[in-house]
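> model the following, please.
(2 chains)
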Amino acid sequence: VKTPRVERFSRDLPPEKRAAVRAASSAKTQARRQALASFFEDAEDARAQAAEIKSYVLDNLRELLLELEEACTRNGIQVHWAFDASAACQIVSDICQVASLEGGVVVKGKSMATEEIHLNAALADAGFEVVETDLGEYVVQIDGDTPSHIVTPIIHKNRQEIARSFVREGLGPYTEDPAELTGQARTRLRTVFQQASVGISGVNFAVAESGRLVIVENEGNNRLTTTAPRVHVAVMGIEKVIPNDSHLPILLRLLAASATGQQITTYTHIIQGPRREGELDGPDEVHLVLLDNGRSRVLQGPYRDILRCIRCGACLNVCPVYRQVSGHGYRHVYPGPLGAVLAPALEGVENMGDLAKASSLCGACEEVCPVKIPIPDLLLRLREEADRNGVDRTIPWKWFGMAAANAARWRTGLRLLPIVSSVPLPLSNPWREQREQPSRIGRDFRRWWNDRSR
Amino acid sequence: MLTCLCDAFYGEVGIATVRVLEHAGCQVSFPEGQTCCGQPPFNSGDWGVARKIAAHWREVFEISDAVVVTPSSSCAAMIRHGYGLMGVDQQMKVLELSELLIDKLGVERWPLKGSRAGKPRRVAFHRACHGRTLGLRDQQERLLKMVSGVRLVDFEQVEQCCGFGGAFSVTHPSVSSGIGLEKLRAILDAGATEIVSGDMGCLMHLQGLIRRHRLPLQARHFVEILAEALPS
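Just a heads-up that it's a prediction; the model follows:
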């Protein structure tokens, strides 16, 4: 039996990485709890409402997307449909080609959808210089790394590492001061923004009725990405559509509180199309790429509730497994409890089924989820599908089942147990490798019960 | 419902449960055909085997209109929630022990009659995660606080799982133990000498870690503490 990837990664994870992830994720969990308690009259009710909105979206996804396309088109936003990752990359690449003739600079705001389709690599192959402008994503990019968290991409890095990377890239003299480091990145990125002909962003919510794209951030780089270059391309997973503007306040507030413990993010962009006549700022063209990439298939199946996700990352922060192994342990764009469901749901239990087992099913994720996704239940269903298809069967339950479904056999098993369990497990046994073997403590219940009933 | 772990290893927990229930005025019966609730294969994804065990559970327990009580939130959660998830309909009212004592019987002091002075002890209470499925709040803590001498200590990351997770403890042994050791360290830092919980799964795992690392801690089920407080 092969060791699951999360377990393997955890064994090799340096203690300082684990410590960095644990400290940051515990702090965020704490901040979330305070934010929900202080910014909401009834946080439970808010979560229930948000869950209902997102469930409605999933029930009416097709109609809402068509409505969104129509409203966006009316607003002057050009809508593109991408069935899969390669189609999406091609669409974006073609837009860049037209916008910058050849080999131009493309700036990017933080977007997990573009991570999912590996857009940077595709654009680099097409000859473009792509620069991430979110500070964390920028560090990830210059280090040739990948984000380890969907909200805080460099949660696994400490200040010293970042300082060394900045010196290596010639951004300035060595400093561990966060403000100075940010200043160095800002100076570099300003020049890049001036050169860029295309800006690419993600989307947090797209409103079907009004055709508005909503993007939240704290750094201001998305403001520049979506306004400074001549062309703005927004890439969104199709599940990010919401019915109308009135649904925004509750979702925006829950997202900010759950993700970063904020009342509202520093910036909330509501984009209703390209620059109009007489306006000073804004791009000439706005494109919206609607990305399916497996989502409509997930929508039809037993894991559809995971599509309610608004990518706040609260389930990662609270997860004991995530805290042990960091996001990279999942070896997928989407880590943590969210990824443990979404990765196998999108890519099949044959490839990703082991992730569904990387959970103690403690339920902390469901408890913090702003849209009340029953993550443990989805993990259980994924495990069932994997088992049914013979994927990663680690424990043969047949024998246990034969005993536990029959009272006489069970009692025989119990009589044999003291003999069986007196034989020490091999030291290589996964239980004994880490823990002492359980043994009977005190009296046997059945004997006691029979003696006193006599 | 004794639970398979108490049947195999922790008979004292079962004995304590009977004594506590009888002290609270319950008439206890023990259907001897009982085995396991099916949770281990269920959590591993083998729902075929789990359904067979569930069918046996129904045969054993669906014989009267008595309430089924168990000293384990995870076994109670399996029957109340897990059975439904795998399409098994069961008819019984199943309660975790503290739900019966606090919510149904309204216990406000312990023991109910007589008294027994207990020596002062610093106890860290670990909330077993399946309490979340049951909607359990602080019922178990409240019972413990009624016992003379018990002082519950606060510790870091009190809400965090112990890392057991059934099959997870075997498929991901170092992640599981890493989580468990984190919990035990937080408890030791808080100056507790006992860790008390309501689920023998958690406690079996933590006990294994305590013994392996020779930590000065005792792992106990809360019902054992309640039983020890009964007048002899």
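> mind jotting down where the strands sit in the chain?
Answering for chain A, as no chain was given. A:77-82, A:105-108, A:129-132, A:198-201, A:205-207, A:212-217, A:231-237, A:241-242, A:267-271, A:285-291 (DSSP state E).
> wait, chain B
B:68-70, B:94-96, B:121-126, B:150-152, B:194-197, B:218-221.
> before we move on, back to that, JSON lines for the strands of chain A, including mean neighbour count and mean pLDDT?
All C-beta atoms are positioned from the backbone trio N, CA, C, and that covers glycine. Below are the strands of chain A laid out as JSON lines (neighbours: other CB atoms under 10 Å in any protein chain shown; pLDDT from 0 to 100):
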{"stretch": "strand A:77-82", "mean neighbour count": "19", "mean pLDDT": "98"}
{"stretch": "strand A:105-108", "mean neighbour count": "26", "mean pLDDT": "97"}
{"stretch": "strand A:129-132", "mean neighbour count": "21", "mean pLDDT": "97"}
{"stretch": "strand A:198-201", "mean neighbour count": "28", "mean pLDDT": "98"}
{"stretch": "strand A:205-207", "mean neighbour count": "24", "mean pLDDT": "98"}
{"stretch": "strand A:212-217", "mean neighbour count": "23", "mean pLDDT": "98"}
{"stretch": "strand A:231-237", "mean neighbour count": "25", "mean pLDDT": "98"}
{"stretch": "strand A:241-242", "mean neighbour count": "24", "mean pLDDT": "98"}
{"stretch": "strand A:267-271", "mean neighbour count": "17", "mean pLDDT": "97"}
{"stretch": "strand A:285-291", "mean neighbour count": "24", "mean pLDDT": "98"}
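> and these as TSV, adding distance to residue A:298?
Converted to TSV, the strands of chain A look like this (distance: least, CB to CB, whole Å):
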stretch	distance to residue A:298
strand A:77-82	16
strand A:105-108	26
strand A:129-132	28
strand A:198-201	24
strand A:205-207	19
strand A:212-217	23
strand A:231-237	11
strand A:241-242	15
strand A:267-271	27
strand A:285-291	13
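> nearest to residue B:207, of the ones you listed?
Closest to residue B:207 of these is strand A:231-237 (CB to CB; 45.1 Å).
> strands paired with the closest one, and their directions?
With DSSP bridges as the test, strand A:231-237 is paired with strand A:198-201 (parallel), strand A:285-291 (parallel).
> can I have that strand written out in PDB, keeping just the CAs?
Output of strand A:231-237 as PDB, limited to C-alpha atoms (Å, rounded to 0.1, in the frame of the first residue of the first chain):
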ATOM      1  CA  VAL A 231      -7.500  45.700 -21.800                       C
ATOM      2  CA  HIS A 232      -9.000  44.000 -18.700                       C
ATOM      3  CA  VAL A 233      -9.700  40.200 -18.800                       C
ATOM      4  CA  ALA A 234     -11.600  38.700 -15.800                       C
ATOM      5  CA  VAL A 235     -11.600  35.000 -15.400                       C
ATOM      6  CA  MET A 236     -14.300  33.400 -13.300                       C
ATOM      7  CA  GLY A 237     -15.500  29.900 -12.400                       C
END
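> around chain B, pick out the residues from the stretch 201-350 of chain A.
A:320, A:321, A:323, A:324, A:325 (CB under 8 Å from any CB of the partner chain).
> most neighbours among those, please name it.
residue A:325 (31 neighbours; other CB atoms under 10 Å in any protein chain shown).
> from chain B, how far out is the nearest residue in space to residue A:313 that is not next to it in sequence?
Nearest in space to residue A:313, with sequence neighbours left out and distances taken as CB to CB, 6 or more residues apart in numbering or on different chains, is residue A:151 at 3.9 Å. Counting by CB to the nearest CB, to the nearest Å, the gap from residue A:151 to chain B is 20 Å.
> I figured residue A:151 hits residue A:312, correct?
Yes. Assessed by CB atoms under 8 Å, residue A:151 is found in contact with residue A:312 at 6.9 Å.
> any common contacting residues for those two?
residue A:259 (CB atoms under 8 Å, 6 or more residues apart in numbering or on different chains).
> when the two are compared, which one has more neighbours?
The neighbour count for residue A:151 versus residue A:312, taken as other CB under 10 Å, is higher for residue A:312 (24 against 20).
> need the contact list for the more buried one.
For residue A:312, the contact set (CB under 8 Å, 6+ apart) comprises A:151, A:254, A:255, A:258, A:259, A:370.
> what about the helices in chain B?
Along chain B, the stretches classed as helices by DSSP state H are B:4-8, B:11-23, B:39-44, B:47-61, B:73-77, B:83-85, B:97-98, B:130-134, B:139-145, B:168-171, B:173-189, B:200-212, B:222-228.
> thinking again about what came up before, next, format the residues of the stretch 201-350 of chain A next to chain B as a markdown table and append pLDDT.
Output for these, formatted as a markdown table (pLDDT from 0 to 100):
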| residue | pLDDT |
| --- | --- |
| A:320 | 98 |
| A:321 | 98 |
| A:323 | 97 |
| A:324 | 96 |
| A:325 | 96 |
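> quick revisit: now the strands paired with strand A:231-237 in CSV, with distance to residue B:137?
Converted to CSV, the strands paired with strand A:231-237 look like this (distance: least, CB to CB, whole Å):
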stretch, distance to residue B:137
strand A:198-201, 43
strand A:285-291, 42
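> most tightly surrounded among the helices of chain B?
Greatest average neighbour count among the helices of chain B goes to helix B:73-77 (a mean of 28), per mean count of other CB atoms under 10 Å in any protein chain shown.
> which helices and strands sit right next to it?
strand B:94-96, helix B:130-134 (3 or more CB pairs under 8 Å, 6 or more residues apart in numbering or on different chains; DSSP states H and E).
> any idea which of these gets closest to chain A?
helix B:130-134 (4.1 Å; CB to the nearest CB).
> so what secondary structure elements neighbour the closest one?
Judged by 3+ CB pairs under 8 Å, 6+ apart, helix B:130-134 is in contact with helix A:364-368, helix B:73-77.
> let me have these in JSON lines, adding distance to residue A:411 and mean pLDDT as columns.
Listed next are those as JSON lines, based on distance: least, CB to CB, whole Å; pLDDT from 0 to 100:
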{"stretch": "helix A:364-368", "distance to residue A:411": "38", "mean pLDDT": "98"}
{"stretch": "helix B:73-77", "distance to residue A:411": "19", "mean pLDDT": "97"}
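> okay if I get those helices as a markdown table plus distance to residue B:178?
Shown next, in a markdown table, are the helices and strands packed on helix B:130-134 (distance: least, CB to CB, whole Å):
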| stretch | distance to residue B:178 |
| --- | --- |
| helix A:364-368 | 16 |
| helix B:73-77 | 21 |
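> looking at those, which is closest to residue A:60?
Residue A:60 sits nearest to helix A:364-368 of all the helices and strands packed on helix B:130-134, at 24.3 Å, using CB to CB.
> ok, and does that closest one reach over to chain B?
Yes. Applying CB under 8 Å from any CB, one finds helix A:364-368 touching chain B at A:364, A:366, A:367.
> thinking the first one is in contact with residue B:161, fair?
Yes. Between residue A:364 and residue B:161 there is a contact under CB under 8 Å: 6.8 Å.
> quick one, what contacts residue 50?
I went with chain A, as the question did not name one. Neighbours of residue A:50 in contact, by CB under 8 Å, 6+ apart: A:250, A:251, A:254, A:310, A:370, A:371, A:372.
> wait, chain B was what I had in mind.
Here residue B:50 is in contact with A:397, A:401, B:38, B:39, B:41, B:42, B:82, B:86 (criterion: CB under 8 Å, 6+ apart).
> okay then, goodbye and thanks.
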